[in-house]
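Chemist: Have a look at this fold, sequence not included:
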């Protein structure tokens with residue numbers, strides 16, 4: 001089992017450079033496949049298949065680059081450090097509560113008694 005893990009590590013993409021090399025290899029294969037489709041299926045059918053082959057490179061390349069971790073950004077020192085840490089914990093899509101003026105009054109209610 002240990003030898004299988006060693007062999008498996010050879011096929012693991014660890015850096016962005018390796019990801020770009022794999023994307024280049026996929027692109028070469030896709031262009032060659034597209035060329036063969038153009039020869040086999042003349043006309044619009046061949047062009048559509050060739051475009052589909054090259055379009056797959058963009059999708060696969062994006063997935064590969066997203067799967068490889070980017071280096072961690074350095075944390076800024078000084079007065080901005082606490083603000084940066086809080087921003088990374090709370091996402092932009094997370095709703096925030098509105099401050100409530102009086103306890104008995106809801107900020108959503110438009111009721112005037």
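Modeler: Noted; the coordinates are in hand. What you are looking at is a predicted structure, and each value in this text was computed from that prediction instead of being measured. Residues are numbered from 1 along each chain as shown.
Chemist: Show me which residues of the helix or strand where residue 61 lies are buried.
Modeler: Per DSSP states H and E: residue 61 is located in helix 44-67. For helix 44-67, the neighbour count (16 or more other C-beta atoms under 10 Å) marks 46, 49, 50, 53, 57, 61, 64 as buried. Placement of C-beta: from N, CA and C, glycine included.
Chemist: and if you look at stretch 28-48?
Modeler: By 16+ other C-beta under 10 Å, the buried positions in stretch 28-48 come out as 30, 33, 34, 37, 46.
Chemist: quick one: the last one and residue 38 touch, right?
Modeler: Yes: the pair residue 46 / residue 38 is scored as a contact, 4.4 Å apart, by C-beta atoms under 8 Å.
Chemist: shared neighbours, those two?
Modeler: Residues touching both residue 46 and residue 38 by C-beta atoms under 8 Å, 6 or more residues apart in numbering: none at all.
Chemist: can you list contacts of stretch 56-69?
Modeler: The list of residues contacting stretch 56-69 from outside it, by C-beta under 8 Å, 6+ apart, reads 13, 14, 15, 16, 18, 19, 22, 23, 26, 27, 30.
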